[in-house]
Structures are given as C-alpha cells and as structure tokens.
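Student: What would the 3D arrangement of this be:
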Amino acid sequence: MPNLGIIMTLPTNFKLPADFKNHAITFLSLDGEEMLSTQENLFELIQRSNGRFVIDNNIPWFKLSKMPEHVDSAFVLGTTLDHESSPPRLLLEDSCGNPKICQNVFQFGMKTEVIANGNAIRYLIISRLDAHSTVSLNMNLLRQIDHPCGGSTNWNRTKSIAEEKEKILSLLSIKRIEQVTQLPDRQTKDEHLRLCIERKKPESFKRFWGSDDVARFAYCRLLLEWDRISKEARKEFADANYPNVFGDLHLIQNALFFNAGLASHDKAVKRMATFCGLRMLA
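Tutor: The predicted model follows:
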C-alpha cells in the first residue's frame, strides 16, 4: 500500500502530480525518517537488497546493474553523479533518447525548499529508475542543459564549497591547505581523526549530517598523507575554480548513510573507503 500520508513536515504547498504514484519515490528527513512514499519505502527496499553500492561517475553503472550476479543488488546514483554528469540527461536516458530503466538503480539527493517565512526546509529524495522516471520529468528542459544549442550546466555551489573548505581547514588546525605539509604533529592529528571515525561511524547510518561528519574526517586523513594520491587531493582543494572538489567526500558520505559499499576506480575514494571500513565492489 503506498504511504501517501505525510509523517514529517513538508512545505505546506508541497504536492505531487497525480501521475507521480506510478513513479517510485521516497522522501526522507535528514535523519532518515520516511516523510512520504509514492509506493514502498525505497530506503528500506535498498536495505533489504543482497548488496548495496554507491556508484562513482567513472563506473559503467547501467551495464553493471544488468549483470546476472548483480540483479539482486541495489545501486545508488548519489550526489556525485548528480553534480558531475554531463549532460545530466544521460543519467535518465541514452544518447538516442531512450529511457534507462533499471529496477535496481536509484537516484539519491537532498532538496532545499524555501517556505513562506523565508526559512529553508531540507529533505532527502530517493527515486527509482523505473519506466516512469522520465515521464514524470520535463525532459525537454533537461535536454537543453549541456546541449550544443542550449546552455551549459551551471551548478552554483560556490558558497557551499567555501563553507566546506573552512570546516576542513578548521579540523586540520590550519589557515591554508599548503600548510598541511608544515604541520609538526601530522601523525598525532591523523590518529585523532582515525579515532573520530571509529567513534562516530556507528552514528552515521541513516543520519545525513552524521555521515557527512565521518566522511569529512576521512577526507582530512587523506589530505594529511604524503603520497601522490594525497598530493593530488590537496591540489584540487587549492583550486578555487574546481567545482567537483568534494565529489569523493560525497561518495563516502552517501555510502555511510546507506551502510553501502562503493564502486569506483578512483584511488582517493578507495583510500577513504579503507579509512571508514567500507567495502569496494571488485
């Protein structure tokens, strides 16, 4: 039975079109509580799957999800794919405009709504890549983004990136990322972050901000190391014009939230997954 009763608080003018009941969507609070589902609770469905994996944009996820050994697994296209896919329509359809239908693939992201008094309400959305996922969206508008005849993608996340950088620099007790290599107590700080991950990880499952904290600790550990992987991460951090600087951090955060593994070819992702005790899909 679809749960269409609003359990938590959504904007008072929040409504879904009638045909949305054909498209499986679940809205969650930032603490993972179900607010509304057009069909079943997709978070719980993902938890019941034989395997759960958050997918990086360097993985051929459509092909992977169709493999016989993965038909009972759930694949989550998290915030990294949402931000980095270009053109974004290719998340939902192939180059010929045919919809991608995968019953075991889900999109995940956070939505911010500004209500009448000017305050913002944030909630999480999980949607299934079912036969109705493109029907319920304005695909013609989406196709104009990054299209030769349309505008280019412009995800304006400058403020949130700056705020995240400030949090990370504060955790590392430095003013500029270049000062990492001059820290006299790098090993002590790394051990402190390791213990923070160990202590906070049990609180990260189904908790958006809790999983965000743990992923940030792992990212800080990555920045502290000496090798080429860490050097490249620090270089990306220092680049004020790189919009996807925290893509790897978001992958880790999503995986912690779902208590899932990861599928990625990125060495920095693999390093942080090791820090957090997360499984990598071979």
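Student: Please enumerate residues in contact with the helix or strand hosting E236?
Tutor: Per DSSP states H and E: E236 is located in helix 228-238. Residues from elsewhere that reach helix 228-238 (C-beta atoms under 8 Å, 6 or more residues apart in numbering): 165, 168, 177-178, 180, 219, 222-224, 242, 245, 248, 267-268, 271. Yep, even glycine has a C-beta here, placed from its N, CA and C like the rest.
Student: Helices along the stretch 151-282 of the chain, start to end?
Tutor: 158-172, 186-200, 208-224, 228-238, 247-258, 267-276 (DSSP state H, counting those that start in this stretch).
Student: Identify whichever of those helices lies nearest to G109.
Tutor: helix 247-258 (9.4 Å; C-beta to C-beta).
Student: Which strands and helices lie in contact with that closest one?
Tutor: With contacts defined as 3 or more C-beta pairs under 8 Å, 6 or more residues apart in numbering; DSSP states H and E, the packing partners of helix 247-258 are helix 42-48, strand 51-55, helix 79-84, helix 208-224, strand 261-263, helix 267-276.
Student: did I read that right, F27 in a strand?
Tutor: Yes. The assignment for F27 is a strand, going by DSSP: H, G, I helix; E, B strand; the rest coil.
Student: Could you tell me which residues make contact with it?
Tutor: Counting by C-beta under 8 Å, 6+ apart, F27 has contacts L10, E34, M35, L36, S37, Y123, L124, I125.
Student: Sketch out the low-pLDDT regions of the chain for me.
Tutor: Applying pLDDT under 70 to the chain flags residues 1-20, 80-91, 93-97, 134-158, 282.
Student: per-domain residue ranges of it.
Tutor: 18-143, 158-257+264-276 (automatic domain parsing).
Student: ok, back up a step: switch the helices of the stretch 151-282 of the chain over to a markdown table; also include mean neighbour count and distance to N41.
Tutor: Output for the helices of the stretch 151-282 of the chain, formatted as a markdown table (neighbours: other C-beta atoms under 10 Å; distance: least, C-beta to C-beta, whole Å):
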| stretch | mean neighbour count | distance to N41 |
| --- | --- | --- |
| helix 158-172 | 14 | 28 |
| helix 186-200 | 15 | 26 |
| helix 208-224 | 22 | 16 |
| helix 228-238 | 16 | 36 |
| helix 247-258 | 27 | 13 |
| helix 267-276 | 20 | 25 |
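Student: Noted, bye for now.
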